[in-house]
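Undergrad: The following block contains a protein sequence and its predicted model.
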Amino acid sequence: MTDRSMIGWSLLIVASVIVLALIMDNRNSGRLDAQLLLGLLFLRNVGTGPITITEVTANNRQECKPKKSYSYAEQDRLEGKPAGQKAILQVGEVVSYAIPCAHLVRATVLTNVGSFEFMFD
């Protein structure tokens, strides 16, 4: 092998390791748990770092747009803002959304670490 091809292979290996590290970091830091109880969707951060929820949709229908009803997130308690879609959850914190539709089948949650889809019976 020439010096030039060794440098090329070395750069490829380093780039691959960096990409894998970024993918694994995102996978480990962002996890949400969802529970449905009496028409409320509860989302809990069960990951290893903070998650910002930017949008929640129900049954892929605009008329079923959930409304944040209560937040157990420290930032929201400090700012006194239960309304709105956005929520920043530290590990272990919970936010709930009121679902205006009669029956929630699918909830899609968009966050800063990716999107999550939850199915309910």
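TA: Okay, I see it.

Undergrad: And residue 36, how far from residue 52?
TA: Taking Cβ to Cβ, to the nearest Å as the criterion, residue 36 is separated from residue 52 by 22 Å. (Each C-beta comes from the backbone N, C-alpha and C, glycine too.)

Undergrad: again, but for residue 113
TA: Separation of residue 113 from residue 52 (Cβ to Cβ) stands at 8 Å.

Undergrad: Out of the two, name the residue with the larger neighbour count.
TA: residue 113 (19 against 14; other Cβ atoms under 10 Å).

Undergrad: Touching, the more buried one and residue 30? I think so.
TA: Yes. If you go by Cβ atoms under 8 Å, residue 113 and residue 30 touch, sitting 3.0 Å apart.

Undergrad: can you list residues touching both of these two?
TA: Common contact partners of residue 113 and residue 30 (Cβ atoms under 8 Å, 6 or more residues apart in numbering): 47, 51.

Undergrad: For this structure, which segments are assigned as helices?
TA: Here the chain has its helices, by DSSP state H, at 3-29, 74-79.

Undergrad: Kindly state the domain boundaries assigned to this structure.
TA: Split into domains by automatic domain parsing, the chain comes to 1-29, 31-119.

Undergrad: Determine which of these shows the lowest mean per-residue pLDDT.
TA: Note on those: lowest mean pLDDT is at domain 1-29, with a mean of 59.

Undergrad: Quick check: closest non-adjacent residue to residue 55.
TA: Spatial nearest neighbour of residue 55, chain neighbours left out: residue 110 (4.3 Å); criterion: Cβ to Cβ, 6 or more residues apart in numbering.
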